[in-house]
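1. Quick check, what structure comes out for this input:
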Amino acid sequence: MTRHTFTTCLSFGTDGEADFCELDVTVSFGFTPGRDATPPAYDHGGLPADPPEIGDIEVEAIDGRPVTAGDWEAIDAILDQFATGDFDGAMMDVVGA
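-> Down below sits the predicted model:
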């Protein structure tokens, strides 16, 4: 697995005065490349393809500053947005997959 970084702007709905909150976020993530299907061989009947995978996402910076322990609520909200898979395509573009 290789590690890469990805920076984007996230918007969050709020229940307060503003309609939304925007944060510039930098995350690091692990990337495991996929594997093509393997044809049948002497010792097996063939293996299915494995898709590329994004995982182990860590928040590195929020609005240009490194994260601290006090940022746990923001980190949870950020990781929830990345858990949806909505950013997987953009992160695959970072690694050229």
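2. ok, L47 touching P40?
-> No. Taking contacts as C-beta atoms under 8 Å, L47 lies outside contact range of P40: 9.1 Å. C-beta here means a position set from N, CA and C on the backbone, and glycine is covered the same way.
3. Helices of the protein, residue ranges please.
-> Along the chain, the stretches classed as helices by DSSP state H are 72-83, 88-95.
4. would you list those in CSV and tack on distance to D63, mean neighbour count and mean pLDDT?
-> Formatted as CSV, the helices of the chain follow (distance: least, C-beta to C-beta, whole Å; neighbours: other C-beta atoms under 10 Å; pLDDT from 0 to 100):
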stretch, distance to D63, mean neighbour count, mean pLDDT
helix 72-83, 10, 14, 90
helix 88-95, 19, 14, 89
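5. Of the ones you listed, which is nearest L23?
-> Among these, the nearest to L23 by C-beta to C-beta is helix 72-83 (7.0 Å).
6. any idea of the angle that closest one forms with helix 88-95?
-> Interaxial angle, helix 72-83 versus helix 88-95 (axes from the mean of the first three to the mean of the last three C-alpha atoms, to 10 degrees): 90 degrees.
7. Quick one: list the elements packing against helix 72-83.
-> Helix 72-83 sits against strand 2-13, strand 20-32, strand 53-62, with contacts defined as 3 or more C-beta pairs under 8 Å, 6 or more residues apart in numbering; DSSP states H and E.
8. does the residue lying closest to G55 once chain neighbours are set aside have beta-bridge partners, and which?
-> In this structure, G55 finds its nearest non-sequential neighbour in G30, 5.0 Å apart by C-beta to C-beta, 6 or more residues apart in numbering. Bridge pairing for G30 (DSSP bridges) gives the partners R3, G55.
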